[in-house]
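S.K.: what would the 3D arrangement of this be:
(one chain, ligands or ions: 1)
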Amino acid sequence: MPARIIDGRAVAQALRAQYRARVEALEKKHGVTPGLAVILVGDNPASELYVRNKIRACGEVGIRSELVRLPNDISEARLLGEVDRLNADPSTHGILVQLPLPPHITMRRVLERIAVDKDVDGFHLYNVGGLITGSTIFPPCTPYGVQKLLEHERVEVAGKNVVVVGASNIVGKPMALMLMQRDATVCICHKLTRDLAQFTILADILVVAAGVPNLIVPQMVRTGAVVIDVGINRLPDGRIVGDVDFEGVRQKASLITPVPGGVGPMTVTMLLHNTLRSAERRVGILEEPSLASPAA
Ligand code: GUN
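M.R.: Modelled structure (predicted):
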């Protein structure tokens, strides 16, 4: 029987409806509207598209957004000055610096300047380090989205073999730490891994974030595995595909995410979540308010 397809769009939509209700409650009870500031340096077309989606999603749930556009040749000092301004602004609860930054700017210096309690991307060293102990304030959005999808589908993680393909700072490494925190047995593979299939075939849960179309074919997947495809690749004919041979692997897996419509919609949704949580924390709501639907 082919795998059941995880509908990331539907899960994201259900979560966003809950966030909208929480934003309204925050406004009503505390007079606070969550605010996200997005800093975009230069005019990289992919970054423009990502930022547009983030701003639009904020509007959908009632989060106030501010787009700070800066020229490609901005000095690092001026960029840090903008971060300082937003750090000091009480109406800004989340700050996101869209990556990549131009080469004359030291990315880590900029990310480390963001106030830890406004670091809704989860890229500050404090939040990255917190993943080791399970005490990060803001988990990074893409792996957090994967975790939420697994929770939504009630996939048990504890004691499972999880193989993560891809060891990036944004997805692979934090994903592995988050799953270890939930008592999975985790293996991280990357572009120099010899005989990738020898590892992937052991996976009860396979998370692929390598940026290589069709990297994962059916022979590499254990029957009944849960397959999460984080890849987003544009083919020469314009089609968007993931890293997994979807049609082939679907015949072997038990659950699978499509591309598009799987993990993608969850990434921006987790940015909304982190921004909302930041505003809730500011007014003293330290625990996550209970969700309207236990399934979401
Ligand atoms: N560029 C590509 N992905 C991301 C992301 O998740 N956050 C930021 N800030 N920049 C990115």
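
S.K.: quick one: end-to-end length of stretch 167-186, please.
M.R.: Stretch 167-186 has its terminal residues 12 Å apart, counting by Cα to Cα, to the nearest Å.

S.K.: so that it lines up with my notes, have the first residue be 585 from now on.
M.R.: Sounds good: first residue 585 from here, last item stretch 751-770.

S.K.: contacts for it next, please.
M.R.: If you take Cβ atoms under 8 Å, 6 or more residues apart in numbering as the criterion, stretch 751-770 is touched by 706-707, 712, 715-716, 718, 723-724, 726-728, 730-731, 741-750, 772-774, 789, 791, 793, 814. Just so you know, the C-beta spots here come from the backbone N, C-alpha and C atoms, and that holds for glycine as well.

S.K.: and that stretch, which residues are buried?
M.R.: Buried residues in stretch 751-770, defined by neighbour count with 16 or more other Cβ atoms under 10 Å: 751-752, 754-766, 768-770.

S.K.: next one: phi and psi at the residue in the stretch 735-880 of the chain positioned nearest to the ligand?
M.R.: The minimum distance from the stretch 735-880 of the chain to the ligand, using Cβ to the nearest ligand atom, falls at residue 754 (5.8 Å). The phi/psi pair for residue 754 (degrees, to the nearest 10) reads phi -80, psi -30.

S.K.: return the distance of it relative to residue 813.
M.R.: Computed as Cβ to Cβ, to the nearest Å, the residue 754 to residue 813 distance reads 16 Å.

S.K.: do the same with residue 772
M.R.: Using Cβ to Cβ, residue 772 is found at 17 Å from residue 813.

S.K.: looking at these two, which has the bigger crowd around it?
M.R.: Higher neighbour count among residue 772 and residue 813: residue 813, with 28 against 18, using other Cβ atoms under 10 Å.

S.K.: now do the contacts for that one.
M.R.: Contacts of residue 813 (Cβ under 8 Å, 6+ apart): 792, 800, 826-828, 830, 840-843, 846-847.

S.K.: need the residues you listed in a markdown table with distance to residue 693, secondary structure and pLDDT, can you?
M.R.: Shown next, in a markdown table, are the contacts of residue 813 (distance: Cβ to Cβ, whole Å; DSSP: H, G, I helix; E, B strand; the rest coil; pLDDT from 0 to 100):
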| residue | distance to residue 693 | secondary structure | pLDDT |
| --- | --- | --- | --- |
| 792 | 32 | strand | 98 |
| 800 | 36 | strand | 98 |
| 826 | 33 | coil | 98 |
| 827 | 32 | coil | 98 |
| 828 | 36 | strand | 98 |
| 830 | 40 | helix | 98 |
| 840 | 40 | strand | 98 |
| 841 | 35 | coil | 98 |
| 842 | 38 | coil | 98 |
| 843 | 34 | coil | 98 |
| 846 | 34 | coil | 98 |
| 847 | 30 | coil | 98 |
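
S.K.: can you list the residues you listed in a markdown table and add neighbour count?
M.R.: Putting the contacts of residue 813 into a markdown table (neighbours: other Cβ atoms under 10 Å) gives the following:
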| residue | neighbour count |
| --- | --- |
| 792 | 29 |
| 800 | 26 |
| 826 | 31 |
| 827 | 22 |
| 828 | 32 |
| 830 | 21 |
| 840 | 25 |
| 841 | 29 |
| 842 | 19 |
| 843 | 21 |
| 846 | 28 |
| 847 | 29 |
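
S.K.: Throw those residues into CSV and include distance to the ligand, thanks.
M.R.: CSV is the format used below for the contacts of residue 813 (distance: Cβ to the nearest ligand atom, whole Å):
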residue, distance to the ligand
792, 17
800, 21
826, 16
827, 16
828, 20
830, 22
840, 23
841, 17
842, 20
843, 16
846, 16
847, 12
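
S.K.: that older thread, model confidence for the residue of the stretch 735-880 of the chain closest to the ligand, exactly?
M.R.: At residue 754, the predicted lDDT confidence score is 96.

S.K.: same question for residue 871.
M.R.: In this prediction residue 871 is given a pLDDT of 86.

S.K.: list the contacts of the residue of the stretch 685-834 of the chain found nearest the ligand.
M.R.: Using Cβ to the nearest ligand atom, residue 705 is the residue of the stretch 685-834 of the chain that sits closest to the ligand, at 4.8 Å. Neighbouring residues of residue 705 by Cβ under 8 Å, 6+ apart: 680-681, 722, 724-725, 855, 858.
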